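Novice: Okay, predicted coordinates and the sequence, questions at the end:
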Amino acid sequence: MKKESKIILNIKVDVKSALPIYEQIKRAIKIAILSGKFKDGDKLTSIREMAIKLKINPNTIIKIYTQLETEGYVYSRPGLGYFIKKDKGNLDKDKYEIFKQETFDYISKVSELGYSYNEILKIVKKYFKGV
Amino acid sequence: MIEINNLSFKFGKLRIFDNFNLEIPKGEVVLITGINGVGKTTLLRLIAGVLKPLKGEIKFSNEISSDPRRSIGFISDKLSLYESLTVSQAIDFHKSIYGVSNFDDFLIKFTKIKKYQKLKQLSIGQRAIFHLSLILSTNPKILLIDEIIHSIDVYLRNIFIKELIKLISEKMVTVVLVNLNFYDIENILDRVILLKNGEIAVNEKIGTLKTKVKKIISTNSTKSLPVISQIDYLDHSEYFIYPYKENYRKEFDGEVIDLNLTEIVSAFIGGEYA
């Protein structure tokens, strides 16, 4: 039997989050794909394995995988499972979308704490200098 | 599929169900909940055939209607197994009754159950797992689980839930759970049914339910909205709304909050005790 993808997806589901669990998991898988954890054609964890690991209904995983397929992240091979599809143009756009969203989320959170543009810039620079 | 038509049932003079109707689609994981005494366990026992309805019928899809008892697994902490038998005697007995040739004891190995132990010496969690492994060997099409998941310790509960997920994904088993505690099981549910006074107050897919039940925190009254219950504080109130619609936002000043299943059920149950 062929071994499934060696890439370990470490997804944490937060039941209290306002974001529905299927959105949380979908986003985590997208980020894993966009960050280059997977190579083109890598097999995605099977529906059954993913359901057991995350302790969620397999129907929810089916819904997530189907949506990822529609959005062009994966393709299915009947009887074999889902595989990563790296369609360059499309993925770059999505990657930028997530980058933008995460950045906005961060800025709105720290602004609420009262930090200014300059203070944010300062800490970002500091991070990149590795200080 | 489980189809309940015009079901009536009484305990002595106490009416539990009167012309009760319900359809449970094949392969769904359904939670039945409601306040104590509403008839959740009674409903499970009626489906299992342990209790007989006064009136009405319970029908199953073709694949199981020939011999429903054989296709239904019923797990309950109240169900007495073969108390004085040892684990291995119980397995042999079970195999002979159900004509099971190969019994897979992989689940038992996880639980530290010894085959020479008598069943009455097992803990609730061990019994649940043992009972589940007996049931699995008969390939049930329907699994009924009464209030047992949260009497099991967290390690055995994980094993139990993982087995459930395997059953759902591989065999399209219909699972009906009665539970008052939703932690750990919320994400495996397809549907939630809330019973109230012998009737169905809510019957929704879980995703739909979450979009339809919201909490509104507001300082002014929300009289025009369908409030199922409310909690009053000195300077504001929390209103639980069902069914919620997006255009309600125009009708009050305040914040709309998403709820998890525990909060949703509390909101409905709170309304019943108010």
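Specialist: Structure received. As the structure is a computational prediction, the values presented were derived from the model and not from experiment. Residues are numbered from 1 along each chain as shown, chains lettered A, B, ... in the order given.
Novice: Now the residue sitting furthest away from the middle of chain A: which helix or strand?
Specialist: Farthest-out residue of chain A from its mean C-alpha position, per C-alpha atoms, centre = their mean: A:N118, at 30.2 Å. Per DSSP states H and E, A:N118 falls inside helix A:117-129.
Novice: Just give me how far that helix sits from the chain centre.
Specialist: 26 Å (C-alpha atoms, centre = their mean, to the nearest Å).
Novice: Chain A contacts on the stretch 1-150 of chain B?
Specialist: Within the stretch 1-150 of chain B, the positions lying close to chain A (C-beta under 8 Å from any C-beta of the partner chain) are B:V29. C-beta coordinates here come from the backbone N, C-alpha and C atoms, glycine included.
Novice: One more: the stretch 151-274 of chain B?
Specialist: Close to chain A, as judged by C-beta under 8 Å from any C-beta, the stretch 151-274 of chain B has residues B:158, B:161-162, B:165-166, B:168-170, B:184, B:186-190, B:207, B:210, B:258, B:260.
Novice: close to chain B, is the longest helix anywhere in chain A?
Specialist: For chain A, the helix with the greatest residue count under DSSP state H is helix A:88-112. No. Against chain B, helix A:88-112 shows no contacts by C-beta under 8 Å from any C-beta, the least distance being 15.3 Å.
Novice: Which secondary structure elements does that helix sit against?
Specialist: For helix A:88-112, the elements it packs on are helix A:21-34, judged by 3 or more C-beta pairs under 8 Å, 6 or more residues apart in numbering or on different chains; DSSP states H and E.
Novice: What's the mean pLDDT across the helix it packs on?
Specialist: Averaging pLDDT along helix A:21-34 gives 88.
Novice: now for the helix or strand following that helix, which elements pack on it?
Specialist: Downstream of helix A:21-34, the next assigned helix or strand under DSSP H and E is helix A:47-54. The contact analysis (3+ C-beta pairs under 8 Å, 6+ apart) places helix A:47-54 against helix A:58-70, helix B:154-171.
Novice: now the angle from the helix or strand just after the longest one to helix B:154-171?
Specialist: Which is helix B:154-171. Per DSSP H and E, the first helix or strand lying C-terminal to helix B:154-171 is strand B:174-178. Between strand B:174-178 and helix B:154-171, the angle comes out at 150 degrees (axes from the mean of the first three to the mean of the last three C-alpha atoms, to 10 degrees).
Novice: Find the nearest non-adjacent residue to B:D18, please.
Specialist: Nearest non-adjacent residue to B:D18, counting by C-beta to C-beta, 6 or more residues apart in numbering or on different chains: B:S8, 5.2 Å away.
Novice: pretty sure that neighbour contacts B:G56?
Specialist: Yes. At 5.7 Å, B:S8 counts as touching B:G56 under the criterion of C-beta atoms under 8 Å.
Novice: Overlap in contacts, the two.
Specialist: Applying C-beta atoms under 8 Å, 6 or more residues apart in numbering or on different chains, one finds that B:S8 and B:G56 are jointly contacted by B:N19, B:F20.
Novice: one step back: mean pLDDT lowest where, among the helices and strands packed on helix A:47-54?
Specialist: helix B:154-171 (a mean of 90).
Novice: chain center to that one, what's the gap?
Specialist: Relative to the chain's own centre, helix B:154-171 is displaced by 15 Å; criterion: C-alpha atoms, centre = their mean.
Novice: Give me the neighbour count for B:F268.
Specialist: When counting by other C-beta atoms under 10 Å in any protein chain shown, one arrives at 21 neighbours for B:F268.
Novice: and chain A, which residues reach chain B?
Specialist: Residues of chain A lying close to chain B by C-beta under 8 Å from any C-beta are A:13, A:15-16, A:18, A:20-21, A:47-48, A:51-52, A:54-60.
Novice: for the worst-scoring helix or strand of chain A on mean pLDDT, the distance to its chain's centre please.
Specialist: Taking mean pLDDT, DSSP states H and E as the measure, chain A has helix A:88-112 as its least confident helix or strand, at a mean of 83. Relative to the chain's own centre, helix A:88-112 is displaced by 12 Å; criterion: C-alpha atoms, centre = their mean.
Novice: Show me how chain A divides into domains.
Specialist: A:21-84, A:89-129 (automatic domain parsing).
Novice: Tabulate those domains in a markdown table, adding columns for distance to B:F110.
Specialist: Converted to a markdown table, the domains of chain A look like this (distance: least, C-beta to C-beta, whole Å):
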| stretch | distance to B:F110 |
| --- | --- |
| domain A:21-84 | 14 |
| domain A:89-129 | 40 |
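Novice: B:I228: which of those domains is closest?
Specialist: In terms of C-beta to C-beta, the element of the domains of chain A nearest to B:I228 is domain A:21-84, at 23.9 Å.
Novice: which SS class is B:D235?
Specialist: coil (DSSP: H, G, I helix; E, B strand; the rest coil).
Novice: Find the helix or strand that residue 19 is a member of.
Specialist: All of this is about chain A. Per DSSP H and E: nothing holds A:L19, as it lies in no helix or strand.
Novice: To clarify, I was referring to chain B.
Specialist: Per DSSP H and E, B:N19 falls inside strand B:14-24.
Novice: okay if I get the helices and strands packed on helix A:47-54 as JSON lines plus mean neighbour count and distance to B:G49?
Specialist: What follows is the helices and strands packed on helix A:47-54, written out as JSON lines (neighbours: other C-beta atoms under 10 Å in any protein chain shown; distance: least, C-beta to C-beta, whole Å):
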{"stretch": "helix A:58-70", "mean neighbour count": "18", "distance to B:G49": "28"}
{"stretch": "helix B:154-171", "mean neighbour count": "18", "distance to B:G49": "20"}
